[in-house]
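Asks: Take a look and give me a structure for this.
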Amino acid sequence: MLAVQNLEVVYEDVILVLKGVSLAVPDGAVVALLGGNGAGKTTVLRAITGLLDVHRGSVTKGSVTLDGEPIHALDAPAIVAAGIGQVMEGRRIFSEFTVDENLRVGGHRAPRAEIPARLDRIYDLFPVLAERRRSVAGYLSGGEQQMLAIGRAMMAEPRVLLLDEPSLGLAPLVVQRIRDLIVDINRAGTSVLLVEQNANMALSIADHGYILETGKVVMDKPAAELREDEDVREFYLGLRQEGAASFRDVKHYKRRKRWLS
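Replies: You can find the predicted model right below:
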């Protein structure tokens, strides 16, 4: 299990971004982390993967553990070696490398003898990448680049895969394909922590969900229950009942204030 306990993160020694965040990703589960822009979702992922230093951030309280062993003090390469993989928002592929070269970079820590088998597994999972394996990655479509980013992370064979907005900027049909791929990856044995603003997609495949607002977890329920929650349906799924007031209605303001208290 990946567990985040009472985590506080500060940027540039003064800006408190996470305020006691706790969440868990059980073995074999898909967990959704939802919230608006600026809620702190990406900061949670950076804290897990050891990338806070790059952004002048630091953990000031709490812990991140994998199977009970603390990993929040490790550097990023050690965290990857422990079994955590991440696909960052915006894909971050090496645009001048070929598809095959990008994937090989993802598996650079693996024994050389294992690379061909790992490549075969990725190409089986992403047939379109097999067709484009000699193509320069910068010329792929947005959906293909997202598949490449996920495939590159999977080359390290992580136990837990962190995905940051994998559907961002993609057409609905491509979003459905990415959704199905996440399901396939999970069924093959990889746990997933999915950060998404597309709450409908995320909750359709998640076992459990957390909602983050201004650096605090304000709701924590099984995904099926979140999908039926009145506030979640209105604020995150866009399913406001006919005649219901707007988001800034006093009634909803009071409910939201209760969440954050």
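
Asks: Run a quick neighbour tally on residue 137.
Replies: 24 (other CB atoms under 10 Å). For glycine as for every other residue, the C-beta is placed from the backbone atoms N, C-alpha and C.

Asks: Surely it is in contact with residue 93?
Replies: Yes - counting by CB atoms under 8 Å, residue 137 touches residue 93, with 4.9 Å between them.

Asks: Grab the most central residue of this structure for me.
Replies: residue 163 (2.6 Å; CA atoms, centre = their mean).

Asks: ok, now which ones touch it?
Replies: 86-87, 150, 182, 192-196 (CB atoms under 8 Å, 6 or more residues apart in numbering).

Asks: In helices only, show me these.
Replies: Among these, the residues falling in helices (DSSP state H) are 150, 182.

Asks: pLDDT check: weakest of the contacts of residue 163?
Replies: Ranked by pLDDT, those bottom out at residue 196, which has 89.

Asks: Just give the closest residue to that one, not the sequence neighbours.
Replies: The shortest distance from residue 196 to any non-neighbouring residue, by CB to CB, 6 or more residues apart in numbering, is to residue 202 (3.9 Å).

Asks: hmm, back to that, what pLDDT does the residue nearest to the centre of the chain get?
Replies: Residue 163 is given a pLDDT of 96.

Asks: Of the contacts of residue 163, which is the nearest to residue 171?
Replies: Distances from residue 171 to those, taken as CB to CB, are shortest for residue 196 (16.0 Å).

Asks: Now do the shared contacts for residue 137 and residue 93.
Replies: By CB under 8 Å, 6+ apart, the residues touching both residue 137 and residue 93 are 102, 145, 148.

Asks: Wait, the last one touches residue 140, no?
Replies: Yes - counting by CB under 8 Å, residue 140 is a contact partner of residue 148 at 6.5 Å.

Asks: Since that was my last question, I'll sign off now.
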